[in-house]
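K.L.:
quick one, fold the following:
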Amino acid sequence: MAGHDHAHDLPRCGWVDLKNPLYVAYHDEEWGVPLHDERKHFEMLVLEGAQAGLSWATILKRREGYRQAFDNFEPEKVAAYDESKIEALLQNPAIIRNRLKVRSAVKNARVFLEIQREFGSFDNYIWGFVNHVPVVNCFQHLEEIPAQTPLSVDISKDLKKRGMTFVGPTIMYAHMQAIGLVNDHQTHCFKRQMP
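P.N.:
Numbers count the residues shown, from 1 in each chain. Model (predicted):
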């Protein structure tokens, strides 16, 4: 168990709940790491949208349930969901049973596929906003980290224009942080030193 205790000694971002192993793993292994996988891109979009008004811990706890309910986040499969599938999802206690959010995941899957067709991949599209290079911020304190930025406003506007929902500027900034478009690990965090 010594190794486990050592993990608690690592300096991390202030938002990490050290008592929640899902949170710690998410911060240490995923958050802020540049993401280039299409299915994972879609997964993060769905999860960030589902989080609106809730805590990220609530979503992380249900992530496995989402994976199973949403066909492992295969955008082609989700885009094909019909009314009966949506109704079935709304009965599924493993996910957030919010009609608007479930419908949004299906609609967003369809737009996601259109973006893939237009840009060759969603990855090309989303990383194009930062010229394919992560924006590295130098925030010392949590309160310095913005809830949204002019760039997240631009991405949000573009996605909304294409027909996506639950992609407001704040959700999109959280998304940019999650997929490593911006590196907002605090300056003291051990992940700062990682490539």
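K.L.:
for the residue most central in space within the chain, which residues are in contact?
P.N.:
The centre of the chain sits closest to residue 44, judged by Cα atoms, centre = their mean, with a distance of 3.2 Å. Counting by Cβ atoms under 8 Å, 6 or more residues apart in numbering, residue 44 touches 35, 175, 178, 179. Backbone N, C-alpha and C define where each C-beta goes, glycine included.
K.L.:
remind me which residues of the chain are low pLDDT?
P.N.:
For the chain, the stretches flagged by pLDDT under 70 are 1-8, 193-195.
K.L.:
name the single longest helix found in it.
P.N.:
Using DSSP state H to define each element, the chain has its longest helix at helix 99-119.
K.L.:
export it as PDB, just CAs?
P.N.:
The C-alpha trace of helix 99-119 is given here as PDB (Å, rounded to 0.1, in the frame of the first residue of the first chain):
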ATOM      1  CA  ARG A  99     -34.600  14.100 -22.000                       C
ATOM      2  CA  LEU A 100     -32.900  17.200 -23.300                       C
ATOM      3  CA  LYS A 101     -29.400  15.700 -22.600                       C
ATOM      4  CA  VAL A 102     -30.200  12.300 -24.100                       C
ATOM      5  CA  ARG A 103     -31.700  13.900 -27.200                       C
ATOM      6  CA  SER A 104     -28.700  16.200 -27.400                       C
ATOM      7  CA  ALA A 105     -26.300  13.200 -27.400                       C
ATOM      8  CA  VAL A 106     -28.200  11.800 -30.500                       C
ATOM      9  CA  LYS A 107     -28.400  15.100 -32.300                       C
ATOM     10  CA  ASN A 108     -24.700  15.900 -31.500                       C
ATOM     11  CA  ALA A 109     -23.700  12.500 -32.900                       C
ATOM     12  CA  ARG A 110     -25.300  13.400 -36.200                       C
ATOM     13  CA  VAL A 111     -23.500  16.800 -36.300                       C
ATOM     14  CA  PHE A 112     -20.300  15.100 -35.200                       C
ATOM     15  CA  LEU A 113     -20.500  12.800 -38.300                       C
ATOM     16  CA  GLU A 114     -21.100  15.900 -40.600                       C
ATOM     17  CA  ILE A 115     -18.000  17.500 -39.100                       C
ATOM     18  CA  GLN A 116     -16.000  14.400 -39.700                       C
ATOM     19  CA  ARG A 117     -17.100  14.400 -43.300                       C
ATOM     20  CA  GLU A 118     -16.300  18.100 -43.800                       C
ATOM     21  CA  PHE A 119     -12.900  18.100 -42.000                       C
END
